[in-house]
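Chemist: Fold the following.
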Amino acid sequence: MSDKAARKKQLILDTAKKVFAEKGFKDVTMKDIVEACKISRGGLYIYFENTEQILEEIIEHEATQRDDVFSRSRKDCTAGDILAIFLKEQKKELLSTKDNLSVAIYEYLFWKHSRNESCKREQDRFSSAVDVLTHLIENGVENGEFYCDDPEGAARNIMYVIEGLKIASGTYGITSQDIDNELLYIMSGLLAGDE
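Modeler: Got it, this is the predicted structure:
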């Protein structure tokens, strides 16, 4: 793909992300994206066949960016530092109402289920995040930073809390203090105390 084509595709993805954040998934049409991008219908169809394909690529891009931030933060940091950075990134995403894709993503997942299609990729992402957090917690336990009898259970719990916060932020809204309270609760449950 040429640089010009790559830039145009990225413009489409960036613009479509805003449209999905504003309207959700089920109410977005290819026409909405064409109008928002100010391109021809054919210009959009060169890159994408439908709104599902566009949202899937946006989700994939977002996951890659999150993984990159998580990977970069691992150098010379303790398990507690890495977990704090991860939770801080989650908070930033939760409070970003302008580009929040939570409603669109959940609508998309429910839509896929209603068509009896598998949501395996989203389940795999969730499982992958649980695996990474499990290893991180195990590392923290080994170096005496965390106390946890069930690292995998704690990791799964963290991800369920984050998913719940995403739903709350995309529907009825949550405050920065609400998020801080939940994230502090997570951290306080893991931090090894002086006994």
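Chemist: Point out where this protein drops to low pLDDT.
Modeler: For the chain, the stretches with pLDDT under 70 are 65-75, 97-99, 112-121, 192-195.
Chemist: Report the residue ranges of every domain in it.
Modeler: For the chain, automatic domain parsing gives the domain ranges 1-55, 73-195.
Chemist: Pipe the ones you listed into JSON lines and attach mean neighbour count and distance to Ala63 per row.
Modeler: All C-beta atoms are positioned from the backbone trio N, CA, C, and that covers glycine. What follows is these, written out as JSON lines (neighbours: other Cβ atoms under 10 Å; distance: least, Cβ to Cβ, whole Å):
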{"stretch": "domain 1-55", "mean neighbour count": "15", "distance to Ala63": "12"}
{"stretch": "domain 73-195", "mean neighbour count": "15", "distance to Ala63": "6"}
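Chemist: Which one, of those, ends up nearest to Thr64?
Modeler: Of all the domains of the chain, domain 73-195 sits nearest to Thr64, with 10.9 Å by Cβ to Cβ.
Chemist: among the domains of the chain, which is nearest Glu62?
Modeler: domain 73-195 (7.1 Å).
Chemist: and the domains of the chain as CSV, adding distance to Glu62?
Modeler: Listed next are the domains of the chain as CSV, based on distance: least, Cβ to Cβ, whole Å:
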stretch, distance to Glu62
domain 1-55, 8
domain 73-195, 7
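Chemist: Quick check: which of those is nearest to His61?
Modeler: domain 1-55 (6.6 Å).
Chemist: What is the end-to-end distance of that closest one?
Modeler: 20 Å (Cα to Cα, to the nearest Å).
Chemist: show me where the protein has helices.
Modeler: 3-23, 30-37, 41-45, 51-72, 79-95, 102-114, 120-142, 151-170, 176-190 (DSSP state H).
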